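>>> just a sequence and a predicted model for now, questions to come.
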Amino acid sequence: MIPDRFEYVAPSSVAEAVGLLQRYGAEAKVLAGGHSLIPLMKLRLASPRYLVDINRIRGLAQLQEDDGTLGVGALTRHADLETSELIRSRYPLLADAARVIADPLVRNMGTLAGSLAHADPAGDWGAAMLAVRAQVVATGPRRDRTIPIDEFFVDTFTTTLGPDEIVSEIRVPKPSPRSGGAYLKVERKVGDFAIAAVGTYVVLDEKGACRQVGIGLCNVGATSLRAKRAEETLRGRVPDEKAIADAARAASEECDPASDLRGPAEYKRDLVRVLIGRALRRAVQRAKGGA
Amino acid sequence: MVISHALGARIKRREDPRLITGRAIYVDDLNFAGMVHVAIVRSPHAHATIRSIDTTAARRAPGVVAVWTGEDVKARCGPLPVGPRIKEMKAPKRFPLVIDGVVRHVGDPVAAVVATTMDAARDASDLVEVDYEPLPSVQDPEAALEPGAPILHQDLGTNVCFRMTYGGGNVEEAFAGADVVVKTRIVQQRLIPAAMETRGVVAQYKGGELTVWTSTQIPHVVKTTLAETVRLPEHEIHVIAPEVGGGFGSKLDVYGEEGLVAALALALGRPVKWIESRRENFIATIHGRGQIDYVELAAHHDGTVAGLRVRAIADLGAYSQLLTPGVPTNTGLMCCGCYRIPNAHAEVIGVFTNRTPTDAYRGAGRPEATFLIERAMDLLAAELKMDPVEVRRKNFIPPAAFPYKTPTGAVYDSGNYERALDKALERADYRALRDEQAKLRKQGRYLGIGIATYVEITGLGAVAGLSGGNWESATVRVEPTGKVTVLTGTSPHGQGEETTFAQIVSDRLGVPVEDVVVLHGDTRAVPHGVGTFGSRTTPVGGSAVYVAAEKVKDKAVQIAAHLLEAAPADISTDGARFTVRGSPERSVEFKDVARMAYKAYKLPAGMEPGLDVTHFFVPKERVFPFGTHLCVVEVDPDTGEVTFRRYIAVDDCGNILNPLLVAGQIHGGIVQGLAQAIYEGVTYDDEGQLLTGTFAEYVVPQATDVPAFELDHTVTPSPHNPLGAKGVGEAGTIGATPAVVNAILDALAPFGVKDLQMPITPRRVWEALEGNSASR
Ligand SMILES: Cc1cc2nc3c(=O)[nH]c(=O)nc-3n(C[C@H](O)[C@H](O)[C@H](O)COP(=O)(O)OP(=O)(O)OC[C@H]3O[C@@H](n4cnc5c(N)ncnc54)[C@H](O)[C@@H]3O)c2cc1C
């Protein structure tokens, strides 16, 4: 429960932070909310030589809409998303997800950017961001890169982020008309990582068919997963019970859970089926103007 | 006894302000000049021979002061106590570090590294090189009984620590003549007590006195046994339990680290501190439960129980700790529950396995007993298609039958089980709940109603192996100014006796509660005592305070009578003042009596000065609280999730000294009981590695995971102590587990699910339904 020795640095600008990452390379770790990194350090599963604390950098905690996207800063906490009126009224999937991450203490510190950078398949934001097709803005020594979320996760705890890049912002497309989303999670107790969780996002056309579908899956694979086959199953169809059941079944087939203390793989697959069904129904209901 | 205003009152806990403002002093808050810190190297193997230990690198590490192995301990420490010695028990000796070259569970202590800072000790502990030769290990207690199983303690030649039987009547005949027999196998999974504060010890040897601060429930027992372990005269040892952040039985032990830290302080001549990490707390502090119970219940068609047969196999872990055998034997003693079961037989077998030792954890054998009989009663009800309530009613021991002796040998003091049941049913509106259940089932929703009627045993003393018998000490000392100091031999650590004991004294002497202070946990300050465990503190320790206060009062009346030149029989008192009956102008204040007791120039002839009485209270018998818990859940058959709808507890703990504190104990108890039902469970892999090794994997519920509790009481005073009180510290835990499990199984009855392994997590519900439902 006592971490290894480390040096602590607290830059005051993104450029300075990037400079430190360049200098220390793989020996450095960015410290954001610390709620994934510090537990690992206490268990000595991670022993970075340098901690680059980005919490003193001003202007990284934004949460606002501009030209087509919602910008979420690197220091925007889970609690900011949970309590934001903007999120609550326009981004139901994000609002649902923020509420079920950990407990209030963790939510006060943890960041969406940190959660994505950590790339734990059990992280809820990964699945949520896949469903809404977010983009990750990476700032490095050269100019900013915008990485589509589909190209961000490589493996468990591994992303396409370079060792000298930090996630400076997450960009979420603004909701289209007739769109709705939902996030549902089954956990062993309140505040636990998911046994399985799913995020669903649908945009309906004038006739009530699905013009656009996004489905993200949490903790049922080596990374956060997008349920592509399930999305295809539903796209263009009216989301009636049959269509929803087909999509749910497709998602349960394409996910790849491991058996562990939370349950056997078959259970998790079935949970994905049940949750996708429920979450799609809720997303469609919201797209039609329901709560 | 008449419960006065002070005694039944809802007084807030006096200990809370210091706790919630962060002003309480725990072991880790103690720091002394020159203090050094200990990190312990523990076995990563469940069973292995130590080929060699190389401490060279660790000794050279920065800040390191000493590195000890078993060899060093052998020279300076005797063995730890093993108790209680039950008949033909085979138990090995234990030392603060492994001394015989064999480690027997993951977490067995192998070496101790002492350094000037905690970090340095921790870093250097990684440099101790231990060469292990792994041995085959045995994890499952039933497997440990098989011929050819790896033997933990070669010199004992067996993994069986003890076998005990309880029972009476003719069980064979009862089963042969019965109409129905229900059977079940119950696995009481291991639990981690998970007190908020881990263990910790600070020791200092100074001026010919060894002072040991330790997070314990039994400071006096620690003192007595330390005298043997570190070989010092007992009167040179001073043990202090400072604020203790929870125990639940896990600190009802004399642990090796207490001897180790004390021996290090003696050897190094410096203050020494060891604070257990959470990881160590999970592998090196005792676990609770860990029992496999085979249960058979025989009955007649009308629901009358004819006989009970129990075979309990207790997973003791690698060693027998202070009270380890006392836990499963409690199960044997209490397995008949609230029922008149004429023929019963229980066999209890204690078995060593390559796991962390088990010992008393909140309930200690009674939750296991209650669970097995309450599950069996529900199975019987299902078999006979009777309402679970009716099966229980039919078999209750009737109020007129007390004192009642069970065939297993327990003598219940008093009870009215049906009254508690009726109260719970009424409060729940049981009929309406059953109607709602039927209605919801038609809509594909699964409501379950679970009932547990329990009786348990409290007021235990120190069975052989602790320092004495079933007694407790108290001193009530009126200071010359009339303020009162109470010393108790119990060692409260969250239960709130600083409040209730003051209430007892206030009730007896009439002084305001604010004028009474209660001290505990310091062996230099308070008379030798036993400690806080087994829900004994109020019925035994509180009774000691009560009697001591009575004796003080008698003496005060005599002094007052002498001062007022009246006969003691003519003195009346409201606490603040003593008055001669019929002459209100002839009176003297309590504080003046106190002053005169010490001035001592005007005392009745032959009376000793002072107003200070110590009493050692010995209860006539143990006392048996009881009650009914009723739980309503809804189960989601698709996800397997269980949601609590209602939780009603009607508990009878005899006279209630402070309703707020009783509610607090019941709340906490229920949370730990329902935690066993659906959240908590220790999991090891086949190699004896603990898979639930952090709070991320070992699922302790939080406030948001538990229902609101609806509490009520019946009051059946105990005849065995002057307070008429029974303990209440463990009742909630005992009632809750079977109530919740019965509720879940009631919800799943339409699917034909009869039994589920605890903890009943979503995956277990799903697995049971998958096997039972064709619809998937
Ligand atoms: C008890 C507990 C329960 C939890 N339960 C859940 C849960 O249910 N669901 C869930 O999703 N999460 C859960 N978490 C994780 C929590 O949400 C974390 O806060 C989050 O995953 C990581 O965010 P952070 O800001 O704390 O990152 P940190 O811990 O500071 O960092 C995590 C990793 O990301 C890197 N990093 C952080 N920020 C950046 C950046 N801007 N650019 C580049 N790299 C960066 C760090 O170097 C580190 O490797 C839980 C945590 C705890 C302690």
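Perfect, I can see it now.
>>> let me see the ranges of the helices in the stretch 51-200 of chain A.
For the stretch 51-200 of chain A, helices defined by DSSP state H, counting those that start in this stretch occupy the ranges A:78-83, A:85-90, A:92-100, A:104-109, A:112-118, A:124-132.
>>> quick check: which of the ones you listed is buried the most?
Among these, judged by mean count of other C-beta atoms under 10 Å in any protein chain shown, the one packed with the most neighbours on average is helix A:124-132 (a mean of 30). (Glycine included, C-beta is placed from N, CA and C.)
>>> who's in contact with that one?
Taking C-beta atoms under 8 Å, 6 or more residues apart in numbering or on different chains as the criterion, the residues outside helix A:124-132 that touch it are A:91, A:93-94, A:97, A:100-101, A:112, A:115-116, A:119-120, A:149-150, A:153, A:170, A:172-173, A:181, A:183, A:185, A:194, A:197-201, A:214-218, A:223-226.
>>> out of those residues, which are buried?
The neighbour count (16 or more other C-beta atoms under 10 Å in any protein chain shown) marks A:91, A:93-94, A:97, A:100-101, A:112, A:115-116, A:119-120, A:149, A:153, A:170, A:172-173, A:181, A:183, A:185, A:194, A:197-201, A:214-218, A:223-226 as buried among the contacts of helix A:124-132.
>>> give me the neighbour count for whichever residue of the stretch 1-150 of chain A sits closest to chain B.
When scored by C-beta to the nearest C-beta, the stretch 1-150 of chain A has A:M1 as its residue closest to chain B, at 4.3 Å. By the other C-beta atoms under 10 Å in any protein chain shown criterion, the neighbourhood of A:M1 contains 16 residues.
>>> if I look at it, what pLDDT would I see?
Taken from the predicted model, the pLDDT recorded for A:M1 is 77.
>>> and B:E621, how far is that from B:P722?
Counting by C-beta to C-beta, to the nearest Å, the gap from B:E621 to B:P722 is 14 Å.
>>> more neighbours: these two, which one.
Neighbours of B:E621 and B:P722, each counted by other C-beta under 10 Å, are more numerous for B:P722; the result is 18 against 15.
>>> need the phi and psi values for the more buried one.
Geometry field for B:P722 lists phi and psi as phi -70, psi -20, criterion degrees, to the nearest 10.
>>> so it sits against B:V545, correct?
No - if you go by C-beta atoms under 8 Å, B:P722 and B:V545 don't touch, sitting 10.1 Å apart.
>>> coming back round to it: okay if I get the helices of the stretch 51-200 of chain A as TSV plus mean pLDDT and distance to B:I313?
As requested, the helices of the stretch 51-200 of chain A are exported to TSV (pLDDT from 0 to 100; distance: least, C-beta to C-beta, whole Å):
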stretch	mean pLDDT	distance to B:I313
helix A:78-83	98	46
helix A:85-90	96	54
helix A:92-100	98	41
helix A:104-109	97	41
helix A:112-118	98	44
helix A:124-132	98	42
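>>> what's the closest of the ones you listed to the ligand?
Proximity of the helices of the stretch 51-200 of chain A to the ligand was assessed by C-beta to the nearest ligand atom; the nearest stretch is helix A:112-118, lying at 2.5 Å.
>>> does the closest one reach chain B?
No - among the residues of helix A:112-118, none lie within reach of chain B under C-beta under 8 Å from any C-beta of the partner chain; the closest is 14.4 Å away.
>>> so is that helix next to the ligand?
Yes - on the criterion C-beta under 6 Å from any ligand atom, helix A:112-118 is in touch with the ligand at A:A113, A:G114, A:S115, A:A117, A:H118.
>>> which other helices and strands does that helix contact?
In this structure, helix A:112-118 packs against strand A:69-73, helix A:78-83, helix A:124-132, strand A:166-173, with contacts taken as 3 or more C-beta pairs under 8 Å, 6 or more residues apart in numbering or on different chains; DSSP states H and E.
>>> redo these as TSV? Include distance to the ligand.
Shown next, in TSV, are the helices and strands packed on helix A:112-118 (distance: least, C-beta to the nearest ligand atom, whole Å):
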stretch	distance to the ligand
strand A:69-73	9
helix A:78-83	6
helix A:124-132	4
strand A:166-173	4
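>>> nearest to A:R145, out of those?
A:R145 lies closest, by C-beta to C-beta, to one member of the helices and strands packed on helix A:112-118: strand A:166-173, at 10.1 Å.
>>> pairing partners for that closest one, with directions?
Based on DSSP bridges, the strands next to strand A:166-173 in the sheet, each with its direction, are strand A:69-73 (antiparallel), strand A:135-139 (antiparallel).
>>> re the thing from before, among the contacts of helix A:124-132, which lie within strands?
When strands are assigned by DSSP state E, the members of the contacts of helix A:124-132 inside them are A:153, A:170, A:172-173, A:181, A:183, A:185, A:194, A:197-201, A:214-218, A:225-226.
>>> low-confidence stretches in the stretch 151-291 of chain A?
Applying pLDDT under 70 to the stretch 151-291 of chain A picks out no residues at all.
>>> quick check: residues of it near chain B?
The stretch 151-291 of chain A comes close to chain B at residues A:186, A:188-193, A:195, A:261-264, A:266-267, A:270-271, A:274-275, as judged by C-beta under 8 Å from any C-beta.
>>> ok, now which ones touch the residue of chain B found nearest chain A?
Sorted by distance to chain A under C-beta to the nearest C-beta, the residues of chain B start with B:R763, at 3.2 Å. Counting by C-beta under 8 Å, 6+ apart, B:R763 touches A:I195, A:R262, A:G263, A:P264, A:Y267, B:G640.
>>> I'd guess it is in a helix, am I close?
Yes - assessed by DSSP: H, G, I helix; E, B strand; the rest coil, B:R763 belongs to a helix.
>>> pLDDT wise, what is it at?
For B:R763, the pLDDT comes out at 96.
>>> now do B:A597
At B:A597 the predicted local distance difference test score is 98.
>>> many thanks, I have nothing further to ask.
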